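Engineer: sequence plus the predicted model coming up.
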There are 4 protein chains.
Amino acid sequence: MTSTIKVAVLGAAGRMGTNVCAAVEGAADLELVARLDAGDDIAAGLAASGADVVVDFTVPSVTEANVHAAIDAGMHVVVGTTGWDDDSRGRVTDHLARRAAEGVALGVLIAPNFGLSAVLAMTFAAKAARYFESVEVVELHHPDKVDAPSGTARHTARAIAAARAEAGVAPSPDATEDGWEARGMDVDGVRVHAVRLRGLVAHEEILLGNVGEQLSIRQDSFDRMSFMPGVLLGVREVGGRPGLTVGLEHVLDLS
Amino acid sequence: MTSTIKVAVLGAAGRMGTNVCAAVEGAADLELVARLDAGDDIAAGLAASGADVVVDFTVPSVTEANVHAAIDAGMHVVVGTTGWDDDSRGRVTDHLARRAAEGVALGVLIAPNFGLSAVLAMTFAAKAARYFESVEVVELHHPDKVDAPSGTARHTARAIAAARAEAGVAPSPDATEDGWEARGMDVDGVRVHAVRLRGLVAHEEILLGNVGEQLSIRQDSFDRMSFMPGVLLGVREVGGRPGLTVGLEHVLDLS
Amino acid sequence: MTSTIKVAVLGAAGRMGTNVCAAVEGAADLELVARLDAGDDIAAGLAASGADVVVDFTVPSVTEANVHAAIDAGMHVVVGTTGWDDDSRGRVTDHLARRAAEGVALGVLIAPNFGLSAVLAMTFAAKAARYFESVEVVELHHPDKVDAPSGTARHTARAIAAARAEAGVAPSPDATEDGWEARGMDVDGVRVHAVRLRGLVAHEEILLGNVGEQLSIRQDSFDRMSFMPGVLLGVREVGGRPGLTVGLEHVLDLS
Amino acid sequence: MTSTIKVAVLGAAGRMGTNVCAAVEGAADLELVARLDAGDDIAAGLAASGADVVVDFTVPSVTEANVHAAIDAGMHVVVGTTGWDDDSRGRVTDHLARRAAEGVALGVLIAPNFGLSAVLAMTFAAKAARYFESVEVVELHHPDKVDAPSGTARHTARAIAAARAEAGVAPSPDATEDGWEARGMDVDGVRVHAVRLRGLVAHEEILLGNVGEQLSIRQDSFDRMSFMPGVLLGVREVGGRPGLTVGLEHVLDLS
């Protein structure tokens, strides 16, 4: 990369935003040109920054407006804020299409998870799932988590189920007659187990089995800092992918 | 050990019995002196054998009679057959006491599980359980198993629960509000998860967690041959432990 | 699949060949039309069989001649026999090109490993390697193995090293000053550790780490039967891939 | 426990000491009565504190003098500072014996490791080692560590080797002819492997194998806070164990 990418961070005072600012400042090929947060005039701030890429880690109530402001300003966007649905994503796609018609090709990346190990585990599990007779998912988290199983584990199970359905693979065999309470939750036909243990953070393991063999894919997230390599990867790649991309896995080179 | 231990095997033609005979023949300090099975006169066969130790891998309907026949014959017994309850164990204890009063000190070992790794995993988990805030059990088996969770996992969970109760340890913390189906079965307050996967045989993992640390104890049984070291250990140790011993863990030196 | 694929097995009396014959007979979409072995006239046997696909699990001294005979007979080939090098593979490529010029499009698949879990672990590890700061390989085998590390582990390490070199990733950080003997073997800059343990068969784990996260990919081969799904997959796919393909990973759909 | 234990902390301003003070303050049955550090008059400070138990996390150059001062003051001591050898430990034993002769029964606990998971993993591995044909140790740490293998792994291997020697167990089988560099370091006949991976902290796994089965004991230390339960356990137990105790495992109830 011959020139530095200029980055503006929205939600810069938040927990994730603070880390993103530090990570951008620590990267030789990136330059932090603006830290904006609640109370700032986003449009003016972006215009003044001259940023190439805007990173948004704000809150669901403002993230969509921020993205449109960045598109108006002619900047690519990487979004880690939650709360997006089909409608709001559709409006971004439309906006990007209008800009492209004006000759301004911009990319927006919305990713529910920037953890490389989590994204890769999910992606590999889905790719492998059609080649194994059995597959189950185990997620492990700290005991203060109120929902089970984790969103990542549900998402993984659904991706596995979809891949198996598309390949015409039969459901995982299961002769259980007694004790279904021990067999986890059925998510689209894939059993998902949730372990809660003091000392853990966020972990997921996908187990795949055939006669005589097993494949296990496990990811461990020990710390929020683990999202930074994924965010920086998004910043570097988003400019080369015009239009809306949903999911970090689509900017990874897994060919 | 200066002299060879003479061993008679009951149920010698069965799957386990066949393996036991081969294992005894392969051990330099043991001598196989009788193979008896259904249809044989057990009392006569034992008397003729001159065995020191009788190993019983038969069926629930005959195992108790076999043990009493062996005690009558003045022989120690190692039992791997299932189906024992408090009453039948009590009758063995009484019989051994009468023989001891006659000056004949005999030992009987009844073990539900001769797998060293399984027995040690369970024992260590119970010992460690009072020192950790959280503990859960995951068992993994082939998908043709009809009951969940496994007997070993239930037994492990109960031993953990008893050890924590005795030490006055609070239940494992758990903030789960939604998705209890993913949280496994509650066995005496310990969560037990059952995974079913083609390619697996019988496996158990106990996870213990404190702030900042985890202890994991896992055992894998790949093959029925894995019970042989435990059976031979029982054969070697039972003579030195007069009375009834229930559980291989009590003949292990874990001090 | 509308029609049955007719399969001839060479080396049918060998350990692997016997398993392949059984697996083909057990598959609804495949038909076993010939079992040939040492002493048989391969060309005549193939001609008589009317096979669509030939599977070769023979020995290094005859496998190349078998493949050419199959190509002459107008049949696709799946090869699990070892001993191939650049020269012998080149001759197969040339032969296939001549046949293609005659209008006969044939496929040959030569795979050093038909274990799906092993092939997928290796492939996923190589794809993931560029996204992590650190990567190491641990292989675990039974203690009768004479070479360390395993061929699969060396191959995995080389694939990882090549992927990282291509992506311009720095070597894994390592501050070790004392005790290099504990740090495993350096294979193209990737540390490879070999564990030998009674009870194990063939296992490999690839560990990848970033700040705050880890990705672990593990495969366990418990039994030679685990190669059968990969062989059948090769049989089903080879007809659709004219020319020479080396490695099962290239017939897997991992897009 | 009917009354509160009064605790003085030496090295209270250090990293570990600060954590210890917080942990003592957070425990209902303990009372923090003194925080002393370099520059303070230890003897006077202790006398003024009225402490029952003194915790020393200072530096090797002063820890021995601190312990003698505490014994003089009639207080039990828990020591986490390194640098002790046979001579310095002998002087503590002598001092404790003189005090006992005066009718003052005091306990001193010196522990190289207060991590419960680490201490239990080591202890369990040593107990199990005589029952398995094969055993190897794998330790995993962050890549900034300069020595390999870790002190804990060396200590574990030595304890395993001693237990196997005492039980007359043969060395782990190993047919390796080529590639010894991959087989780890030989520590008293036990192979020890060291993995270095960004994102890890301090981890150890002990693998034990017999025909058809495996036992794996793994411990993960994610954070220095994981030492606090062990320190508090020492504080609660040291008063009931007169004389010198070396190693946290000796105050655990593992019977």
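Structural biologist: Structure's in. What do you need? Numbering: from 1, shown residues only, chains lettered A, B, ... in the order given.
Engineer: look up how far A:F124 lies from A:A161.
Structural biologist: For A:A161, the distance to A:F124 under the criterion C-beta to C-beta, to the nearest Å works out to 16 Å. The C-beta positions use only the backbone N, C-alpha and C, and glycine is treated the same way.
Engineer: the two: which is more packed in?
Structural biologist: For A:A161 against A:F124, the residue with the higher neighbour count under other C-beta atoms under 10 Å in any protein chain shown is A:F124, and the figures read 27 against 19.
Engineer: so what are the domain limits for chain A?
Structural biologist: Here the domain assignment for chain A is A:5-110+A:225-251, A:116-222, based on automatic domain parsing.
Engineer: using JSON lines, lay out those domains together with mean pLDDT and distance to chain C.
Structural biologist: Written out in JSON lines, the entries for the domains of chain A read as follows (pLDDT from 0 to 100; distance: least, C-beta to the nearest C-beta, whole Å):
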{"stretch": "domain A:5-110+A:225-251", "mean pLDDT": "97", "distance to chain C": "3"}
{"stretch": "domain A:116-222", "mean pLDDT": "97", "distance to chain C": "3"}
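Engineer: and the gap between the residue positioned nearest the centre of chain A and A:V231?
Structural biologist: Nearest to the centroid of the C-alpha atoms of chain A, with distances taken as C-alpha atoms, centre = their mean, sits A:N113, at 2.5 Å. For A:N113, the distance to A:V231 equals 11 Å [C-beta to C-beta].
Engineer: which SSE is A:G39 in?
Structural biologist: Under the criterion DSSP states H and E, no helix or strand holds A:G39.
Engineer: cool, A:V137 as well?
Structural biologist: Counting by DSSP H and E, the element that carries A:V137 is strand A:134-141.
Engineer: who does the helix or strand following that strand touch, helix- and strand-wise?
Structural biologist: Next helix or strand after strand A:134-141 toward the C-terminus (DSSP H and E): helix A:151-167. Where contact means 3 or more C-beta pairs under 8 Å, 6 or more residues apart in numbering or on different chains; DSSP states H and E, helix A:151-167 is packed against helix A:116-128, strand A:134-141, strand A:185-187, strand A:190-196, strand A:202-210.
Engineer: how far away from the center of its chain is the strand holding A:V137?
Structural biologist: For strand A:134-141, the distance from its own C-alpha centre to the chain's C-alpha centre is 19 Å (C-alpha atoms, centre = their mean, to the nearest Å).
Engineer: report whether that strand contacts chain D.
Structural biologist: No - counting by C-beta under 8 Å from any C-beta of the partner chain, chain D is not contacted by strand A:134-141; separation bottoms out at 11.7 Å.
Engineer: now swap in stretch A:186-203 and tell me
Structural biologist: Yes - with C-beta under 8 Å from any C-beta as the measure, stretch A:186-203 is seen reaching chain D through A:G199, A:V201.
Engineer: quick check: buried residues in that stretch?
Structural biologist: For stretch A:186-203, the buried set under the neighbour-count rule, 16 or more other C-beta atoms under 10 Å in any protein chain shown, comprises A:187, A:190-203.
Engineer: show me which of these is closest to D:T18.
Structural biologist: Comparing the buried residues of stretch A:186-203 against D:T18 with C-beta to C-beta picks out A:G199 as the nearest, at 20.5 Å.
Engineer: what strand or helix carries that closest one?
Structural biologist: Taking DSSP H and E as the definition, one finds A:G199 inside no helix or strand.
Engineer: that one contacts B:L207, correct?
Structural biologist: No - the pair formed by A:G199 and B:L207 falls short of the contact definition of C-beta atoms under 8 Å, at 9.5 Å.
Engineer: let's see the pLDDT reported for A:R224.
Structural biologist: We note a pLDDT of 78 for A:R224 in this prediction.
Engineer: show me what contacts the closest residue to it other than its chain neighbours?
Structural biologist: The shortest distance from A:R224 to any residue that is not its chain neighbour, by C-beta to C-beta, 6 or more residues apart in numbering or on different chains, is 6.5 Å, and that residue is A:N19. In this structure, A:N19 makes contact with A:R224, A:M225, A:F227, A:M228, judged by C-beta atoms under 8 Å, 6 or more residues apart in numbering or on different chains.
Engineer: isn't there a strand covering A:N19?
Structural biologist: No - remark: A:N19 does not belong to a strand; assigned using DSSP: H, G, I helix; E, B strand; the rest coil, it is helix.
Engineer: can you list the strands that whichever strand or helix holds A:V108 pairs with?
Structural biologist: A:V108 belongs to strand A:107-110 when assigned by DSSP H and E. Taking DSSP bridges as the criterion, strand A:107-110 sits next to strand A:76-79 (parallel), strand A:243-246 (parallel) in its sheet.
Engineer: are we agreed that A:A8 is in a helix?
Structural biologist: No - according to three-state DSSP, A:A8 belongs to no helix; its state is strand.
Engineer: is it true that A:G179 touches B:S150?
Structural biologist: No - in this structure, A:G179 is not within contact of B:S150 by C-beta under 8 Å, at 9.2 Å.
Engineer: those two: who's more crowded?
Structural biologist: Comparing A:G179 with B:S150 by neighbour count (other C-beta under 10 Å), the higher total belongs to B:S150, at 22 against 18.
Engineer: residue contacts, the more buried one?
Structural biologist: By C-beta under 8 Å, 6+ apart, the contact set of B:S150 is B:E139, B:H141, B:A194, B:A202, B:E204.
Engineer: one more time with 10 Å, if that's ok
Structural biologist: Counting by C-beta atoms under 10 Å, 6 or more residues apart in numbering or on different chains, B:S150 makes contact with A:179, A:182, B:118, B:137, B:139-141, B:156, B:192, B:194, B:202-204.
Engineer: now the two most distant members of the residues you listed.
Structural biologist: In terms of C-beta to C-beta, the contacts of B:S150 reach their longest pairwise distance at A:G179 and B:A118, which sit 18.8 Å apart.
Engineer: one step back: tell me which of the domains of chain A is the most buried.
Structural biologist: domain A:116-222 (a mean of 22; mean count of other C-beta atoms under 10 Å in any protein chain shown).
Engineer: now do that domain: distance from first to last residue.
Structural biologist: Looking at domain A:116-222, the gap from its leading to its trailing residue is 13 Å under the measure C-alpha to C-alpha, to the nearest Å.
Engineer: ok now it, how far from the chain's centre?
Structural biologist: Mean-position distance between domain A:116-222 and its chain equals 18 Å (C-alpha atoms, centre = their mean).
Engineer: nothing else from me, thank you.
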